[in-house]
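Participant: based on what follows, work out the 3D shape:
(chains A and B)
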Amino acid sequence: MVDDSWYVALSAVLFTLGVIGVVIRRNPLVIFMSIELMLNAANLALVAFGHRFGSPEGQTLVFFVMAVAAAEVAVGLAIIVTIFRLRRRLSVDDLSLMRW
Amino acid sequence: MSPIAFALVAAIAIASAIGLLVKKNPIHGALFLVVNLGCVAVFYLGLGAEFLAVAQVIVYAGAIMVLFVFAIMVLIPGKEETGPDPRVRWRVAALPFGALLFAQLIMILGARRGAPTAAPAAPVPGGVEAIGRLLFTDYLLPFELTSVLLLAAMVGVLLLARRRA
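Facilitator: Prediction:
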């Protein structure tokens, strides 16, 4: 059996990799995927803690995180597609102007 | 979950996360992310969260990643994809690996045939029943709000995707 702390450690590693992805990449799609990576790392930590304390509440929270992530991805990708239609370029460096 | 299996899957998960960061083509990054999400599903199984493992595969690796790949295909006019495939030789390896998977599945099914059918187990903490009970009692309001959120997201996406004049 693997101790639950190993799962939490792995979740920390995956979360850090996601943060690095958001910082170093300029493609909004890859940034989005890195955010998914971070959400998954947080989910893994939640499940590990729920397992540690023998409670199903951690898994219930992960269920909600999944639903919110699905909604977030749908809206985010629609926004990216709309921006791409307007600008014809795909880099977050161009998106410094917060207006129509 | 045995330590060896954990180390192996953890190595795959970290390697695929790094692959997502370093690959230039976002479609490769998306495929690496699918591998990573699959590894996390394996960890859920190891932690006794079967329902979440299945939901992870269906919702994340299935629905969300299809959305990602779709957006990538729409946004990036693939010059890379239309060129000659640089990895033709790798395709040959797909056949033995596919055969291996098939043999494995057959072996698992064959081993199952002889085993006596287990009696339905008592509800375990963290099982599907416990989650369902919690969702429809203590977390009923968040559960209903989730449906409102999904509806709002759907309407919002339709509004965004509509072509303006």
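Participant: what's the neighbour count on the nearest residue to residue B:161 once chain neighbours are set aside?
Facilitator: Leaving aside its sequence neighbours, residue B:161 sits nearest to residue A:78 (C-beta to C-beta, 6 or more residues apart in numbering or on different chains; 5.3 Å). Quick note: C-beta positions are derived from backbone N, CA and C, even for glycine. Using other C-beta atoms under 10 Å in any protein chain shown, residue A:78 has 20 neighbouring residues.
Participant: if I look at residue A:78, how far off is residue B:67?
Facilitator: Distance from residue A:78 to residue B:67, counting by C-beta to C-beta, to the nearest Å: 10 Å.
Participant: and residue B:95, by the same measure?
Facilitator: When distance is defined by C-beta to C-beta, residue B:95 is 31 Å away from residue B:67.
Participant: do residue B:143 as well
Facilitator: Going from residue B:143 to residue B:67 by C-beta to C-beta gives 23 Å.
Participant: now residue B:2
Facilitator: Remark: distance between residue B:2 and residue B:67 (C-beta to C-beta) = 35 Å.
Participant: between those two, which is the more surrounded one?
Facilitator: In terms of neighbours (other C-beta under 10 Å), residue B:67 is the more surrounded of residue B:2 and residue B:67; the figures are 16 against 10.
Participant: residues contacting that one?
Facilitator: Residue B:67 sits next to A:73-74, A:77 when contact means C-beta atoms under 8 Å, 6 or more residues apart in numbering or on different chains.
Participant: now, these that are in strands?
Facilitator: When DSSP state E is applied, the contacts of residue B:67 are split such that none fall in strands.
Participant: need those in a markdown table (columns: pLDDT and neighbour count).
Facilitator: Below are the contacts of residue B:67 laid out as a markdown table (pLDDT from 0 to 100; neighbours: other C-beta atoms under 10 Å in any protein chain shown):
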| residue | pLDDT | neighbour count |
| --- | --- | --- |
| A:73 | 92 | 23 |
| A:74 | 91 | 21 |
| A:77 | 90 | 24 |
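Participant: so residue B:73 is in which element?
Facilitator: Residue B:73 is part of helix B:65-75 when elements are defined by DSSP states H and E.
Participant: can you get me a residue count around residue B:32?
Facilitator: Around residue B:32 there are 21 residues (other C-beta under 10 Å).
Participant: correction: the previous question concerned residue B:110.
Facilitator: If you count neighbours by other C-beta under 10 Å, residue B:110 ends up with 9.
Participant: now swap in residue B:138 and tell me
Facilitator: Using other C-beta under 10 Å: residue B:138 sits among 12 other residues.
Participant: any idea how far it lies from residue B:48?
Facilitator: 20 Å.
Participant: stretch B:54-74: how far from the chain's middle?
Facilitator: 8 Å (C-alpha atoms, centre = their mean, to the nearest Å).
Participant: pLDDT averaged over it - what is it?
Facilitator: In this model, stretch B:54-74 has a mean pLDDT of 89.
Participant: before we move on, what about stretch B:112-131?
Facilitator: Rounded mean pLDDT across stretch B:112-131 is 67.
Participant: now the strands for chain B?
Facilitator: Going by DSSP E, chain B shows no strands.
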